[in-house]
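**Student:** fold the stuff below for me.
(chains A and B)
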2 protein chains.
Amino acid sequence: MPVVRALIFDLDGTLVDTVYAHVFTWQQALAEAEMPIDSWRIHRRIGMSGGLFARAVARELGRPLSTSETDALQKRHAELFEQMMPHCRPLLGAVELLRHLREAGVVHGVATSGARPLIDDSLKALGIGAETVVIERGDVARAKPEPDLFLVCAERMRVSPHECYVVGDAVWDLLAARRAEMLSIGLLSGGYGEDELTRAGAYRVYHDPAELNDSLDELGVLP
Amino acid sequence: MPVVRALIFDLDGTLVDTVYAHVFTWQQALAEAEMPIDSWRIHRRIGMSGGLFARAVARELGRPLSTSETDALQKRHAELFEQMMPHCRPLLGAVELLRHLREAGVVHGVATSGARPLIDDSLKALGIGAETVVIERGDVARAKPEPDLFLVCAERMRVSPHECYVVGDAVWDLLAARRAEMLSIGLLSGGYGEDELTRAGAYRVYHDPAELNDSLDELGVLP
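**Tutor:** Numbers count the residues shown, from 1 in each chain, chains lettered A, B, ... in the order given. Take a look at the predicted model:
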């Protein structure tokens, strides 16, 4: 049985405080396209791939979306998001957690359904440089809840899936982790309730990156 | 044993889709006052009275707030909210639900921790006129999770507390309902998870006003 020693982080809602701005700007983009949908339904879909997200929303609205409509929605959402949140704010303890992992030599990476260049500001705010493995939407064919992002991240970090914890705030992270045969850690910092994360398979649930940083001993990842 | 036949509605997150905008603008107001706090912690405090909310936030930040600081924060939040959301959007099914209740002659009212004039646009968007009892922050000494708003609303509707269901999206609504000895109905439309609402004492949980409207039979409120 391999030792779990590496961490794969989701980005939005897990390391940066961007979920609520994503909800608001997705709602705006959809409303402009005459697809009114309530915020809470958007919130519970954030973290899926943008394409899956748009299709899920369309299903709730009862009409299919063409690929060009999906693309236009994603483009408009990205524009509105950059206007609303030109600078992404790290969640409490996120910068310190990542610094701690680097200093302690704990293998870690980022795997996000978001795409460059939209995620670049977040990575910069977190102090994540070129030495850290970052797998984004463009690196895989299928994003969360498919396991591809996490599997490619593990491969690039040269560890086996069984050696990784996934850290995420959304049920899509935790469901994708199970598909990847990885244990997962839920954070409440994306606005889901604790039971939702536990039911999606979280091995442990913490408030935010700060509490995770204080709990690394429990997880056995420190050398 | 009295028949439960009246409904008391919370406003934000229960009838209008405003919770996410409140989260974002509270965060802005707090950041401007050099009180950075993560969105999810604000989300879980929305629906309390503004004063209690500001004090709870201050406690998390580890420094007390003066009354004038609390007042200034509330004023700034109201300004930012009106800029961000000049027109409040009813949640799915809210307008139809209220019309249904009026036409069926079901006694109902609104009891909100929000205050006029900030709530006026929401009431208008919902088609709530002068014939409906609306109890707001200014009508009571203590807002949710104290039971005062609900008790005054019942009194003004001339029904006993035991004859009322409270309908709300936040745990503060459901906790205040228990203090008022009223049954409560949780809605997911404010972004809490189902288990959070059930644990706070919800008798039933529905998705949104639309599902509640389709479920009035279950509750026994229709004449």
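**Student:** for the residue of chain A found nearest chain B, give its distance to B:Ala200.
**Tutor:** Per CB to the nearest CB, A:Gly193 is where chain A lies closest to chain B, at 2.8 Å. In this view, the C-beta of every residue, glycine as well, is placed from N, C-alpha and C. For A:Gly193, the distance to B:Ala200 (CB to CB, to the nearest Å) stands at 11 Å.
**Student:** now swap in A:Ser189 and tell me
**Tutor:** Separation of A:Ser189 from B:Ala200 (CB to CB): 21 Å.
**Student:** got it, and A:Gln74?
**Tutor:** A:Gln74 is 37 Å from B:Ala200, by CB to CB.
**Student:** please apply the same query to A:Met84.
**Tutor:** 31 Å.
**Student:** okay, the two: which has more neighbours?
**Tutor:** More crowded of A:Met84 and B:Ala200, by other CB atoms under 10 Å in any protein chain shown: B:Ala200, with 21 against 16.
**Student:** these two touch, right, the more buried one and B:Asp169?
**Tutor:** No - counting by CB atoms under 8 Å, B:Ala200 does not reach B:Asp169; the two are 11.0 Å apart.
**Student:** what sits in contact with each of these two?
**Tutor:** B:Gly186 (CB atoms under 8 Å, 6 or more residues apart in numbering or on different chains).
**Student:** off-centre distance for the biggest helix by length in chain A?
**Tutor:** The longest helix of chain A (DSSP state H) is helix A:67-84. Computed by CA atoms, centre = their mean, to the nearest Å, the chain-centroid distance of helix A:67-84 equals 18 Å.
**Student:** equivalent analysis for stretch A:88-98, please.
**Tutor:** Centroid separation for stretch A:88-98 versus its chain: 14 Å, with CA atoms, centre = their mean.
**Student:** lowest-pLDDT helix or strand in chain A?
**Tutor:** Counting by mean pLDDT, DSSP states H and E, chain A has its least confident helix or strand at helix A:50-61, which shows a mean of 79.
**Student:** please see if that one touches chain B.
**Tutor:** No - Helix A:50-61 does not reach chain B (CB under 8 Å from any CB of the partner chain); its nearest approach is 9.7 Å.
**Student:** same deal with stretch A:114-133?
**Tutor:** No - Stretch A:114-133 stays clear of chain B (CB under 8 Å from any CB), getting no nearer than 12.9 Å.
**Student:** thought the residue of chain A closest to chain B was touching B:Gly191?
**Tutor:** No - between A:Gly193 and B:Gly191 there is no contact under CB under 8 Å: 9.3 Å.
**Student:** of these two, which one has the most company?
**Tutor:** B:Gly191 (28 against 21).
**Student:** who touches A:His87 in this structure?
**Tutor:** Applying CB under 8 Å, 6+ apart, we find A:His87 in contact with A:Asp121, A:Ala125.
**Student:** give me the domain ranges for chain A.
**Tutor:** For chain A, automatic domain parsing gives the domain ranges A:6-17+A:88-219, A:19-84.
**Student:** who touches stretch A:149-160?
**Tutor:** A:2, A:5-6, A:8, A:107-113, A:133, A:135, A:137, A:139-140, A:143, A:161, A:163-164, A:166, A:176-177, A:180, A:182.
**Student:** for stretch A:203-212, same thing?
**Tutor:** A:14-15, A:90-94, A:96-97, A:165, A:167, A:183-189, A:194, A:197-198, A:215, A:218-219, B:38, B:40.
**Student:** now with 7 Å, please.
**Tutor:** Residues outside stretch A:203-212 that contact it (CB atoms under 7 Å, 6 or more residues apart in numbering or on different chains): A:15, A:91-94, A:97, A:167, A:183-189, A:194, A:197-198, A:215, B:38.
**Student:** next one: stretch A:100-110
**Tutor:** Against stretch A:100-110 from outside (CB under 7 Å, 6+ apart): A:5-9, A:11, A:128, A:132-135, A:153, A:156-157, A:159, A:213, A:221-223.
**Student:** what comes up buried for it?
**Tutor:** A:His100, A:Leu101, A:Val106, A:Val107, A:His108, A:Gly109, A:Val110 (16 or more other CB atoms under 10 Å in any protein chain shown).
**Student:** before we move on, what about stretch A:192-206?
**Tutor:** A:192-197, A:200-206.
**Student:** what ranges does chain A have for its strands?
**Tutor:** A:6-9, A:108-111, A:133-135, A:164-168, A:183-187, A:204-206 (DSSP state E).
**Student:** so which of the ones you listed is the most packed in?
**Tutor:** Mean neighbour count (mean count of other CB atoms under 10 Å in any protein chain shown) peaks for strand A:164-168 among the strands of chain A, with a mean of 29.
**Student:** other residues contacting that strand?
**Tutor:** Here strand A:164-168 has contacts from A:4, A:6-10, A:14, A:150, A:154, A:173-174, A:177, A:182-187, A:212, A:219, using CB under 7 Å, 6+ apart.
**Student:** and that strand, which strands flank it?
**Tutor:** Strand A:164-168 sits in its sheet next to strand A:6-9 (parallel), strand A:183-187 (parallel), going by DSSP bridges.
**Student:** mean pLDDT added to these, as CSV?
**Tutor:** Below are those laid out as CSV (pLDDT from 0 to 100):
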stretch, mean pLDDT
strand A:6-9, 98
strand A:183-187, 97
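**Student:** of all the ones you listed, which lies closest to A:Arg59?
**Tutor:** strand A:183-187 (25.7 Å; CB to CB).
**Student:** the closest one: how far from the chain's middle?
**Tutor:** How far strand A:183-187 lies from its chain's middle: 11 Å, per CA atoms, centre = their mean.
**Student:** circling back: highest average neighbour count across the domains of chain A?
**Tutor:** Ranked by mean neighbour count under mean count of other CB under 10 Å, the domains of chain A are led by domain A:6-17+A:88-219, which reaches a mean of 21.
**Student:** end-to-end on it?
**Tutor:** 10 Å (CA to CA, to the nearest Å).
**Student:** need the contact list for the closest residue to A:Met48 other than its chain neighbours.
**Tutor:** Leaving aside its sequence neighbours, A:Met48 sits nearest to A:Trp172 (CB to CB, 6 or more residues apart in numbering or on different chains; 5.2 Å). Shown in contact with A:Trp172 (CB under 7 Å, 6+ apart): A:Gly47, A:Met48, A:Lys144, A:Pro145.
**Student:** got JSON lines for those, with pLDDT too?
**Tutor:** Below are these laid out as JSON lines (pLDDT from 0 to 100):
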{"residue": "A:Gly47", "pLDDT": "81"}
{"residue": "A:Met48", "pLDDT": "82"}
{"residue": "A:Lys144", "pLDDT": "87"}
{"residue": "A:Pro145", "pLDDT": "88"}
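**Student:** and of those, the nearest to A:Leu123?
**Tutor:** For the contacts of A:Trp172, the minimum distance to A:Leu123 (CB to CB) is 17.1 Å, reached by A:Gly47.
**Student:** OK, contacts around the closest one?
**Tutor:** A:Asp10, A:Asp12, A:Gly13, A:Ser113, A:Lys144, A:Ala170, A:Trp172, A:Asp173.
**Student:** all set, thanks.
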